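Asker: The sequence isn't on hand, but the structure is:
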């Protein structure tokens, strides 16, 4: 067995995509690791430990038994399980790993990996009924690292990971733990992917600048970030089969004359940004006609798009797409306890924040100096998770009048609602529906996305929720807001929010009348906005004012402020509603935008000369000023 043999097995899986080929590849990995397999390379059935795990497993083709198997013989340092899950989502994978029969070993406790016990290490393989990929999971305590195999071994898998696993089963237990855990460190992928995207980013700016010497540095960066962001967004859509893989692969670009002008721009503006019934016939219609309308604003044609519309970019696109083809992508964001060795939206945010703070060739500022100028420092995952959990825990504790410690079980990796608070679930649910969270320096959205995922977890824990897509959409609409000084960072924050919704969508190729089962994305123009939270006002709107601590007077003036806030909020709701329904165009759009600006400026003047007020109207619905502690929680 060598790496070429593994690649051959994986290639056969990609071509045939059936249960037999998935199992063959799984046993090939068992052999590569130097492990003894079950007799005759036949998976041996196991009984699921919990009803929930049983519900998450697919039944076997003939026996209808839940498909959970062991692939290795006993009395070895490693045991490998194999499961066919209904979905490869974090919740399903966690249920499999945390409730594996026989895995009540130190591996599922947060002790040092060097601990030696009689229990073996457990590695889990999983696939879905589509049988188009195999994933590997290795855990330590509640932390899980995941690697996906599909189509072919990526450069990182081939050169950095798989080679370390050769005959790993023959090594000592401390060596096994260290090798497996370190080989699945996402940092290796982060570093290599960023380096290659940075090269393509710089090359794109160079091409754009040479073509349009009048363009300023901000326009060049805005164009480059938006094009790369849109293409990678489409690459994520490919993972959900919303866009055909052959549509955006490098081979198609090579085979299509002027692909950028004739295909890519039509995909962006005439397809993804145009409702199905309004589209004009396009070349490659067989591919175009199966792509849904997305809305949301990501594919609106901008000033920079028009400025660089005549660029010839096929020679740039080909090596850029070849970079993407060398990596695995996942729409499901990693967090501090679940890390997939793949490019995910969280990594995308990290990459773009570094790109935006990268060296400026005109001013010769270093990346560090530019980061200082903009305050562009990326917050690590574990710190984000801590901030999210502590903020929401403190808020919820204040609403329920209990201690934060009492709520701790609800914020674990596998959360449970405290039994003593069972009678207060409805009260907690309402409090979570009403919470308003503003990140005044949101960057690419790390904190808002952390809040989104935790609010989803809490509200699902409390019950009474709609489907996950609608729940996420409600939270983005009602609970989360972000501001950043860098407009390009705001765009990436919006992109991550949209991707968090896309992961919950199920594409249906036979449902063209209902947009292929894909809901149009919400407009986030008033949810993530460009501004400077450190200034007294932004476009006349106060984002924070230390006079919040003072007692309000001048009742009439305050009523006028609230009246203007309410009007502004109503205009915003009207604007977003019409935009989401694709009814905001031309003259009407200009009139409404003018009225919005006039009311924002009017409110700004009132706030500058009037009594203390918090501008919730700009980010919410113009609610009257409430209790100071509530304000501070909302701003937190």
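Answerer: Right, received. Where do you want to start? Computed from a predicted model, the values in this text were never measured in an experiment.

Asker: where along the stretch 251-400 of the chain do the strands fall?
Answerer: 338-340 (DSSP state E, counting those that start in this stretch).

Asker: all helices for it, in order.
Answerer: 259, 265, 285-288, 303-307, 314-325, 345-356, 367-374, 381-400 (DSSP state H, counting those that start in this stretch).

Asker: want to throw these into TSV with mean pLDDT?
Answerer: Listed next are the helices of the stretch 251-400 of the chain as TSV, based on pLDDT from 0 to 100:
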stretch	mean pLDDT
helix 259	95
helix 265	93
helix 285-288	72
helix 303-307	91
helix 314-325	96
helix 345-356	78
helix 367-374	47
helix 381-400	92
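
Asker: Out of these, flag the one nearest residue 52.
Answerer: Among those, the nearest to residue 52 by CB to CB is helix 381-400 (23.4 Å). C-beta: built from backbone N, CA, C; applies to glycine.

Asker: Pull the distance from the next helix or strand after that closest one to the chain's centre.
Answerer: Going down the chain from helix 381-400, the next helix or strand is helix 404-407, by DSSP states H and E. In terms of CA atoms, centre = their mean, to the nearest Å, the centre of helix 404-407 is set 28 Å apart from its chain centre.

Asker: can you check stretch 172-190 too?
Answerer: On CA atoms, centre = their mean, the centre of stretch 172-190 falls 24 Å from the chain's centre.

Asker: Which other helices and strands does the host helix or strand of residue 491 contact?
Answerer: Element membership for residue 491, per DSSP H and E: helix 487-502. Contacts defined by 3 or more CB pairs under 8 Å, 6 or more residues apart in numbering; DSSP states H and E place helix 487-502 against helix 217-239, helix 345-356, helix 446-462, helix 468-478, strand 480-484, strand 528-530.

Asker: tilt between that helix and helix 446-462?
Answerer: Computed with axes from the mean of the first three to the mean of the last three CA atoms, to 10 degrees, the direction of helix 487-502 lies at 20 degrees from that of helix 446-462.

Asker: pLDDT of helix 487-502, averaged?
Answerer: Across helix 487-502, pLDDT averages out at 86.

Asker: buried stuff in it?
Answerer: 488-502 (16 or more other CB atoms under 10 Å).

Asker: Figure out how far it is from the centre of its chain.
Answerer: Counting by CA atoms, centre = their mean, helix 487-502 comes out at 8 Å from the chain centroid.

Asker: angle of it against strand 480-484?
Answerer: Going by the same axes, to 10 degrees, helix 487-502 makes 160 degrees with strand 480-484.

Asker: Next, count neighbours for residue 349.
Answerer: 22 (other CB atoms under 10 Å).

Asker: ditto for residue 194
Answerer: 18.

Asker: What distance do you get for it to residue 349?
Answerer: 12 Å (CB to CB, to the nearest Å).

Asker: Same question for residue 21.
Answerer: From residue 21 to residue 349 the distance is 35 Å (CB to CB).

Asker: quick one: average pLDDT of stretch 65-84?
Answerer: The model assigns stretch 65-84 a mean pLDDT of 94.

Asker: please begin residue numbering at 13 from this point
Answerer: New numbering, starting at 13: the last item is stretch 77-96.

Asker: Same question for that stretch: list its buried residues.
Answerer: Buried, per 16+ other CB under 10 Å, within stretch 77-96: 78-84, 88-96.

Asker: Next, give me the two most distant ones among these.
Answerer: Top of the distance list for those (CB to CB): 78 and 89, 27.0 Å.

Asker: Looking at the buried residues of helix 499-514, which is nearest residue 465?
Answerer: The closest of these, once distances to residue 465 are taken by CB to CB, is residue 512, at 7.7 Å.

Asker: Confirm for me that that closest one is in contact with residue 358.
Answerer: No - contact criterion CB atoms under 8 Å: residue 512 and residue 358 do not qualify, at 10.2 Å.

Asker: Identify the contacts common to those two.
Answerer: 345, 461 (CB atoms under 8 Å, 6 or more residues apart in numbering).

Asker: how is the protein carved up into domains?
Answerer: 15-195, 200-386, 547-648 (automatic domain parsing).

Asker: Those domains: which one's closest to residue 412?
Answerer: domain 547-648 (13.3 Å).

Asker: ok, the closest residue in space to residue 178 that isn't next to it in sequence - contacts?
Answerer: Take residue 178 and drop its neighbours on the chain: the residue closest to it by CB to CB, 6 or more residues apart in numbering is residue 44, 6.4 Å away. Residues in contact with residue 44 (CB under 8 Å, 6+ apart) are 13, 18, 174, 177, 178.

Asker: Show only the entries of those found in helices.
Answerer: Counted as lying in helices by DSSP state H, out of these, are residue 18.

Asker: With distance to residue 540, neighbour count and pLDDT added, can I get the contacts of residue 44 in TSV?
Answerer: Below are these laid out as TSV (distance: CB to CB, whole Å; neighbours: other CB atoms under 10 Å; pLDDT from 0 to 100):
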residue	distance to residue 540	neighbour count	pLDDT
13	49	15	79
18	43	21	92
174	39	21	92
177	41	18	95
178	46	14	94
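
Asker: Go through the contacts of residue 44 and name the one nearest residue 245.
Answerer: Using CB to CB, the contacts of residue 44 come closest to residue 245 at residue 174, 29.4 Å.

Asker: give the contact list for the closest one.
Answerer: Residue 174 touches 15, 18, 44, 165, counting by CB under 8 Å, 6+ apart.

Asker: just residue 521 next, same as before
Answerer: Contacts of residue 521 by CB under 8 Å, 6+ apart are 302, 528.

Asker: Pop out the phi and psi values for it.
Answerer: Backbone torsions for residue 521, taken as degrees, to the nearest 10, come to phi -60, psi -20.

Asker: Geometric centre of this protein: which residue is closest?
Answerer: residue 357 (3.8 Å; CA atoms, centre = their mean).

Asker: and the gap between that residue and residue 609?
Answerer: With distances taken as CB to CB, residue 357 is found 32 Å from residue 609.

Asker: same question, residue 334
Answerer: 44 Å.

Asker: thinking again about what came up before, just say which of the helices and strands packed on helix 499-514 is most tucked in.
Answerer: Mean neighbour count (mean count of other CB atoms under 10 Å) peaks for strand 492-496 among the helices and strands packed on helix 499-514, with a mean of 25.

Asker: who's in contact with that one?
Answerer: Counting by CB under 8 Å, 6+ apart, 448-455, 457, 459-460, 463-464, 467, 502, 505, 539-543, 545, 550, 555, 631-632 sit against strand 492-496.

Asker: can you do 7 Å?
Answerer: 449-455, 457, 460, 463-464, 502, 505, 539-543, 545, 555, 631 (CB atoms under 7 Å, 6 or more residues apart in numbering).
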